[in-house]
Each structure stands twice: as structure tokens, then as C-alpha cells.
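>>> I would like the atomic coordinates for the input below:
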Amino acid sequence: GQFQFLRPDHLDFAWISGGQVDWLLLVILIIGVLFTGWALLMKIGRMEGWKAGLFPIFHPSNLPSFQSYILSLLITVFATIWLLTRAYDLAPEELQDSMAVLNAQTTSIDSVVTGAPDESVTFADGYKGRSDVLGLNDGVPLDANTTAALAEMSENHRYVWWFPTWLPADQSRVERWLMRNGYRVEDRSSDGRRLALYYFPSESLTESPVGDTFGANIVLERVATLPNAQPGSVLPVALHWAAQGSVPADYHVFVHLLDVDGNRVAQSDGQPALWIRPTSDWSPGEHIEDRHALTLPADLSPGDYTLIVGLYLPETGKRLLTGLEEPFAAISTVHIAGETSFGR
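I've put the predicted structure just below:
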């Protein structure tokens, strides 16, 4: 069985990965081995008993010793440098894309959480940022130490990048913790490999009752958000829904921030609870927390803005009306200060 497994697409050396051979690096390594072996044979040729013995060709008078040592050293150094610089390029393309995003966007006040121990070496080679990094194993249950480490990371950093495995968000124990405690700002994917950014506000959100009913069975009980924000920052919004009965369709939730003229300046849109709790799965009497993060423009003018919430069918765009026959519910007023928050 082991011999059947030894195929080129399974090999993972510096010079071959996923069946692709880096021929230039391989040739350089082979040359380095040959010249190093030559130098060793020359050393053997100088040992007592070999000078005029079985291998006279290795007699010092027949070989340029100093030059061969220097050449072997240079080839070895060059091969080592080439290996270190080229090893990152042999990583899967989707992994390189995620590393490029982290290198370009993370700062010293961010943090990064990884979930794949088998990629720790590749991550260490490719990540050039200065953010704190927490390496976890996403394939095991969260214990007290892991939960405490995540809590400490989120308390000390407003922005936490999640570099997950191939597990979907609803099956990842680490990401479910991030979803329950933070607000997802970004969720990008490259060839199926995800990279998510979560925001953890430094101050407690202000909770307000709402009580509006959408359609026949969906009630927005209350909302929690920040009464004040800055341009360029993230506005977290936590919606608390209740199902009075079964919901026959999958509605999308929209959260819009409107200026005094009714123009939309920021928004969040998608299925409830970051796409893992579609409305058709709600059970009568169930309560659902639905978290959203609105990225505010850096040039947003100071003043008071209105936060509205609604539901609609994505197939038609038709909104679900409230009990007052309104297409949305105004849930809060947010004051935007004049100072710009530069975020990360």
C-alpha cells in the first residue's frame, strides 16, 4: 500500500509539490550534492594510505582542492537561499492568495487565528506581517484553554483575521465562536479557500426594544448597536428575531444606514446569522440572534443617520411588510462624529 501511495502528486518536497517539479531548483540541488561528494572524495584522497593506494586519481597533485571547496560552498549556499525563497512559491495558489491579503492588510493592532496545524510551516514562511498569531487545531472540540485564548485575543484586538481550514463556517468550532462573539466584516474566497475578518467592538452595544412584526410570523424583538461611530470605522448591529410560526420562504435581511435625504451610505445584506440560519428553518417560538457589521465610508460627513432593517425575497426583491405596511423598520439613530477612524 505504501508503494501505491508514492506517486508524484503525493510527494511534498521543496522541489516537487502536487506533482509539479521545480526543475531548476532540483538541478541546483543535484549539482550541489555532486560537488560536495567530489570534495569529500578529495579529502579521502589525501588520507594516509590513499595517496598512492587504490585511487591515485584523488592524489592532491591531481585535483585543485581549494577551488573545489569554494565552488562546493558557493553552490550549497546558493541552493539553500534558492530553496528558502522558492519554497513559498510551491504552496497552493489559493494559500498564496490568502497570504498576500494578510501581508497587505494586517497591521500590528490586528491578530490572526489559524486553524490548520499542518500548514503552520507554510504560514510561517509566507506571513510577513507583525500581527499576533494564534495557531489552533480546528478539528478538535474547543476546551477551556482554547476558549480563553480566543477571548484574550478578541479583548486585545478589535480586528481578528480567521485563516480557516476547508471546513464550512457552520462546521468550524473556532469560527462558530467568532460568529457568536464578533461581527464578520469580510468573507472572501480564493478557489474555495476562505479568509474572514471579524470585528470585536471595544465598548458595549446599546440595546433597544423594537417589537415590529414582518409578515405574519417574524418579529424583530430588539436591536443592539452603537449610538456613536466614526467615519472609516465598523458599526456592529445585533438583531434579535423571534418566530411566531413557520416561515415558508428564505428571506434575506438587509441593514441600511441612511442619511437625512434617505440615501444609503452603508449596508449589510444576507441570510440571518451569517447564512447559517435561513428563515425557512426557524421553528415556532424560536429566538435567533443575527449579527451584522456595516463598514462606514472614510469620507462620511458628520451628523445623525438612521439605521433601518427589513427582509426581502432574493428571487424577486419584494420586501416583507411590517404590521404598519412599511417596507422596513427604523430601529436606531446613529451619530457620526467628525473625526475619522483609520481602523486597522
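>>> in what helix or strand does Thr80 lie?
Using DSSP states H and E, Thr80 maps to helix 65-86.
>>> May I see the buried residues of the next helix or strand after that helix?
Toward the C-terminus, helix 65-86 is succeeded by helix 93-105 as the next helix or strand (DSSP H and E). Residues Leu95, Gln96, Ser98, Met99, Val101, Leu102, Gln105 are the ones in helix 93-105 that count as buried (16 or more other Cβ atoms under 10 Å). In short, each C-beta sits where N, CA and C put it, glycine included.
>>> Could you do stretch 257-269 as well?
So stretch 257-269, judged by 16+ other Cβ under 10 Å, has buried residues Leu257, Leu258, Val265, Ala266, Ser268.
>>> now that stretch: how far from the chain's centre is it?
On the basis of Cα atoms, centre = their mean, to the nearest Å, stretch 257-269 sits 28 Å off its chain's mean C-alpha point.
>>> Quick one: residues in contact with it.
235, 237, 252-256, 292-297, 300-301, 303-308, 334 (Cβ atoms under 8 Å, 6 or more residues apart in numbering).
>>> could you give me the average pLDDT of it?
When pLDDT is averaged along stretch 257-269, the result is 97.
>>> got the end-to-end distance for it?
End-to-end span of stretch 257-269 (Cα to Cα, to the nearest Å): 12 Å.
>>> Which positions within the longest helix seen in the chain qualify as buried?
Identified as the longest helix of the chain according to DSSP state H is helix 23-46. Of all the residues in helix 23-46, those buried under the rule 16+ other Cβ under 10 Å are Leu25, Ile28, Leu29, Ile31, Gly32, Phe35, Thr36, Trp38, Ala39, Met42, Gly45.
>>> for that helix, packing partners?
Applying 3 or more Cβ pairs under 8 Å, 6 or more residues apart in numbering; DSSP states H and E, we find helix 23-46 packed against helix 65-86.
>>> that older thread, what is the most widely separated pair among the buried residues of helix 23-46?
With Cβ to Cβ as the measure, no two of the buried residues of helix 23-46 lie farther apart than Leu25 and Gly45, at 30.5 Å.
>>> Only C-alpha atoms, please: export the helix or strand hosting Met179 in CSV.
For Met179, the host element (DSSP H and E) is helix 173-181. C-alpha atoms of helix 173-181 as CSV (Å, rounded to 0.1, in the frame of the first residue of the first chain):
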residue,chain,number,x,y,z
ARG,A,173,-15.9,25.2,16.1
VAL,A,174,-13.4,28.1,16.1
GLU,A,175,-15.4,30.1,13.6
ARG,A,176,-18.7,29.5,15.4
TRP,A,177,-17.1,31.0,18.4
LEU,A,178,-16.0,34.0,16.4
MET,A,179,-19.5,34.3,14.9
ARG,A,180,-21.2,34.2,18.3
ASN,A,181,-18.9,36.8,19.9
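>>> That helix: which residues count as buried?
Here helix 173-181 shows Arg173, Val174, Glu175, Trp177, Leu178, Met179 as buried, counting by 16+ other Cβ under 10 Å.
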